[in-house]
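A.B. asks: sequence unknown, structure follows:
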């Protein structure tokens with residue numbers, strides 16, 4: 001019996017320490033979970049509040065507001081009906097819209113040019129364009145400008161647009177940035193094709 005009493009005290013004390021440690025960890029875990037849940041609810045409410053400011057607006061007004069809110073400069077000179085010419089992070093874009101459509105077209109025009117007389121580089125441009133279109137939703141294409149004797153590379157996207165899109169500002173920003181990503185893809189693909197061609 002003495003042996004039992006001698007071991008019971010320390011074992012009971014150890015059991016109580018373990019119990020309190022487990023309970024303390026559980027309480028901390030519950031606090032972290034409730035804080036993250038509250039944070040997520042706050043973010044959801046913020047997104048709903050931001051998006052609700054666009055409800056009921058016509059496409060032109062909504063697009064103009066969203067563009068301004070994401071940091072685009074709208075060029076009002078030479079504005080055509082159904083089109084915005086904007087500058088975003090130093091790059092010039094044209095965005096075509098229609099009141100009867102839930103799609104907008106985003107163009108990043110002539111961000112790369114090559115002389116038509118340089119046959120080797122024209123081949124590289126064609127290969128890079130084909131390679132780029134495997135990586136991104138923004139389509140890379142090229143056109144021939146016979147007047148200036150060059151080939152121009154452009155980016156085009158047709159994307160959904162409207163107040164039905166959650167966090168529409170982040171969405172439009174990501175669509176514009178897809179064009180920059182395609183610039184990087186294009187230059188990388190040009191370099192890969194160049195190495196293969198002259199290896």
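C.D. replies: Sure, I can see it. No experiment lies behind these values; they were computed from the predicted model shown.
A.B. asks: Let's verify the residue nearest the centre of the chain: helix, strand, or coil?
C.D. replies: The centroid of the chain falls nearest to residue 174 when counting by Cα atoms, centre = their mean (2.4 Å). Secondary structure state of residue 174, per DSSP: H, G, I helix; E, B strand; the rest coil, is helix.
A.B. asks: Test my guess that residue 182 contacts residue 134.
C.D. replies: No. With contact defined as Cβ atoms under 8 Å, residue 182 does not reach residue 134; the gap is 11.1 Å. All C-beta spots, glycine's among them, are computed from the backbone N, C-alpha and C.
A.B. asks: between these two, which one's more packed in?
C.D. replies: Comparing residue 182 with residue 134 by neighbour count (other Cβ atoms under 10 Å), the higher total belongs to residue 182, at 27 against 8.
A.B. asks: which secondary structure elements does the helix or strand hosting that one contact?
C.D. replies: Assessed by DSSP states H and E, residue 182 sits inside helix 168-197. Helices and strands touching helix 168-197, by 3 or more Cβ pairs under 8 Å, 6 or more residues apart in numbering; DSSP states H and E, are helix 2-52, helix 59-69, strand 91-96, strand 103-115, helix 119-132, strand 139-145, strand 150-160.
A.B. asks: Pick out the shakiest of the ones you listed, pLDDT-wise.
C.D. replies: Of all those, the minimum mean pLDDT falls on helix 2-52 (a mean of 58).
A.B. asks: mind giving me the domain ranges of this protein?
C.D. replies: 1-52, 59-197 (automatic domain parsing).
A.B. asks: winner for burial among these?
C.D. replies: Comparing the domains of the chain by mean neighbour count (mean count of other Cβ atoms under 10 Å), domain 59-197 comes out on top with a mean of 16.
A.B. asks: between residue 182 and residue 134, what contacts are shared?
C.D. replies: Between them, residue 182 and residue 134 have no joint contacts when contacts are counted by Cβ atoms under 8 Å, 6 or more residues apart in numbering.
A.B. asks: And for residue 171, nearest residue in space, chain neighbours not counted?
C.D. replies: Spatial nearest neighbour of residue 171, chain neighbours left out: residue 165 (5.2 Å); criterion: Cβ to Cβ, 6 or more residues apart in numbering.
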